[in-house]
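Novice: kindly return the folded structure for what I paste below:
(chains A and B)
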Amino acid sequence: MDSIQVGDFKFRLDLSKPLYEQVLQHIRQAIARGDVQLGTKLPSVRDLAQQLKLNPNTVMRAYQELDRDHLTETRRGQGTFITSNSETVEQVKKALAREAVIAFVSSMKNLGIDRSTTESFLKEVTWHE
Amino acid sequence: MSSALEIKHLCKSYGSKIALNDLTVSFPAGQITGLIGPNGAGKSTLLKAIVGLVKPQQGSIGIFGQPAHWKLNSEIAYLPDRAKWYKSHTIKQALTYALNILPGFDLPRALEMANLMSLDLDVLVSTLSEGYEARLHIILCLARRVKLVLLDEPFSGIDLLSRETIIQLLINSMLDQPQTILISSHEIHEAESLFEHVVFLNKGQLVLEGNAEALRQEKGSIESIYRGLFR
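Specialist: Okay, here's the model as predicted:
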């Protein structure tokens, strides 16, 4: 699927993976990266479902998960807003980074590469800003 | 998850041709289920059996806990494979007539849908292209306040824009009222992101069923699963 811009968010969905997780990931990462300002209103469930051609229940499930992590706050009759609490965002960002590191470590292990070799690879790697 | 439909040991043959072969399957309530399979899989026969248009030789059909009966049809909106409407009606007349014959038909909602789908109320049904006629038929189903909606091949043989408009309407409809929706299809790409549950049929039998997200996690896209199953 091509990337689709909805409000402040950009989505690229892959039909071969669970859709709810992808919606969640896209929004979570956009918030963590600081692509969207704190306190911003998320697109309505209807808008997002329509633009991405998703079952509204899929979108609702992702929004509920964001609420549960306190990354967003749903206000009755007004919609869902990104938290204004930068500490929460920082925590979620760290958790996402930890997940990424764990996945990375596990793929190095699968290649039979030990810790010190991995660390030297990391020192050598070109890090394009 | 409670079931909207419980199909048990359903058998139906037309002469020597077997359409449903001891089919046992259930459909979750309040979700959109994709009923997927190639031509001749038994999809249409199953939907017809649910509304009593074909009489199975064996087996049972439970609809929201009750045995299938014509009286329950007031709670079911059914879009047949080759739906037709009175050619001499205008769209407005069609919708007004629907109000008189279809239980639970919500005329203001239907008019709103017609507007959303760019259907001109004064145009005659006989002059509609296939895509626009399909739009009318989907309104006749989705504008009804009913618990169960059965759509037989709603995307088949119509243009891209009409298919997209129908998807748009389905999404709105899901938000406006909780319904159980079955969509039969042999071409799934556009609708697959709407499915919450998927049932694959072949030769009158169940091949695979499951929650759409769980299937994506395990096996990839619904379309690729379909290819794998029927290649």
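Novice: pull out the buried positions in the helix-or-strand element of chain B with minimal mean pLDDT.
Specialist: Ranked by mean pLDDT, DSSP states H and E, the weakest helix or strand in chain B is helix B:222-230, scoring a mean of 90. Neighbour-count burial for helix B:222-230 flags B:I222, B:E223, B:I225, B:Y226 (criterion: 16 or more other Cβ atoms under 10 Å in any protein chain shown). No exception for glycine: its C-beta is placed from N, CA and C like everyone else's.
Novice: run through the residues you listed and flag the ones next to chain A.
Specialist: Among the buried residues of helix B:222-230, the residues that sit close to chain A (Cβ under 8 Å from any Cβ of the partner chain) are B:I222, B:E223.
Novice: find the nearest non-adjacent residue to B:M113, please.
Specialist: B:I139 (4.7 Å; Cβ to Cβ, 6 or more residues apart in numbering or on different chains).
Novice: kindly report the same for B:A143.
Specialist: B:A110 (3.6 Å).
Novice: then B:Q179?
Specialist: Per Cβ to Cβ, 6+ apart, closest to B:Q179 is B:V149, 5.6 Å.
Novice: how about B:S126?
Specialist: Using Cβ to Cβ, 6+ apart and skipping residues adjacent in sequence, the residue nearest B:S126 is B:K87, 3.8 Å away.
Novice: could you do B:K43 as well?
Specialist: Leaving out its chain neighbours, the residue that sits closest to B:K43 by Cβ to Cβ, 6+ apart is B:S184, at 4.1 Å.
Novice: got the phi/psi numbers for that neighbour?
Specialist: Dihedral angles of B:S184 (phi, psi; degrees, to the nearest 10) stand at phi -90, psi 140.
Novice: list the contacts for B:P103?
Specialist: B:P103 makes contact with B:S74, B:E75, B:R144, B:V146 under the criterion Cβ atoms under 8 Å, 6 or more residues apart in numbering or on different chains.
Novice: ok so, going back, which helices and strands does the least confident helix or strand of chain B pack with?
Specialist: Secondary-structure packing of helix B:222-230 (3 or more Cβ pairs under 8 Å, 6 or more residues apart in numbering or on different chains; DSSP states H and E): strand B:32-36, strand B:197-202, strand B:205-211, helix B:212-219.
Novice: which residues touch it?
Specialist: Defining contact as Cβ under 8 Å, 6+ apart, one finds that helix B:222-230 is touched by A:15-16, B:34, B:36-38, B:188-189, B:192, B:195, B:198, B:200, B:202, B:207-208, B:212, B:215-216, B:219.
Novice: surely B:H9 is in a helix?
Specialist: No - counting by DSSP: H, G, I helix; E, B strand; the rest coil, one finds B:H9 to be strand, located in no helix.
Novice: isn't it up against B:P56?
Specialist: No - B:H9 is beyond contact range of B:P56, at 9.2 Å (criterion: Cβ atoms under 8 Å).
Novice: who has more neighbours out of these two?
Specialist: The residue with more neighbours, out of B:H9 and B:P56 and counting by other Cβ atoms under 10 Å in any protein chain shown, is B:P56; that gives 21 against 13.
Novice: how about that one, nearest residue that isn't a chain neighbour?
Specialist: Going by Cβ to Cβ, 6+ apart, B:P56 has B:K12 as its nearest residue, at 4.6 Å.
Novice: now the buried residues of helix B:222-230 as JSON lines including distance to A:F9?
Specialist: Formatted as JSON lines, these follow (distance: Cβ to Cβ, whole Å):
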{"residue": "B:I222", "distance to A:F9": "25"}
{"residue": "B:E223", "distance to A:F9": "25"}
{"residue": "B:I225", "distance to A:F9": "29"}
{"residue": "B:Y226", "distance to A:F9": "30"}
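Novice: just the helices in the chain please.
Specialist: No chain in the question, so chain A it is. Here chain A has its helices, by DSSP state H, at A:19-33, A:45-52, A:56-68, A:86-110, A:115-124.
Novice: actually, chain B is the one I wanted.
Specialist: Going by DSSP H, chain B shows helices at B:43-50, B:91-101, B:107-116, B:130-142, B:160-176, B:212-219, B:222-230.
Novice: right, is the longest one up against chain A?
Specialist: In other words, helix B:160-176. Yes - Helix B:160-176 comes into contact with chain A (Cβ under 8 Å from any Cβ), by way of B:E164, B:I167, B:Q168, B:I171, B:N172, B:M174, B:L175.
Novice: distance of the second one from B:K92?
Specialist: Meaning B:I167. Look at B:I167 and B:K92: by Cβ to Cβ, to the nearest Å, they are 25 Å apart.
Novice: looking at these two, which is more packed in?
Specialist: The neighbour comparison of B:I167 against B:K92 (other Cβ under 10 Å) goes to B:I167, with 18 against 15.
Novice: list the beta-bridge partners for the residue positioned nearest the centre of chain B.
Specialist: Geometric centre of chain B, nearest residue: B:L151, 1.5 Å, by Cα atoms, centre = their mean. B:L151 forms beta bridges with B:L79, B:I183, as assigned by DSSP bridges.
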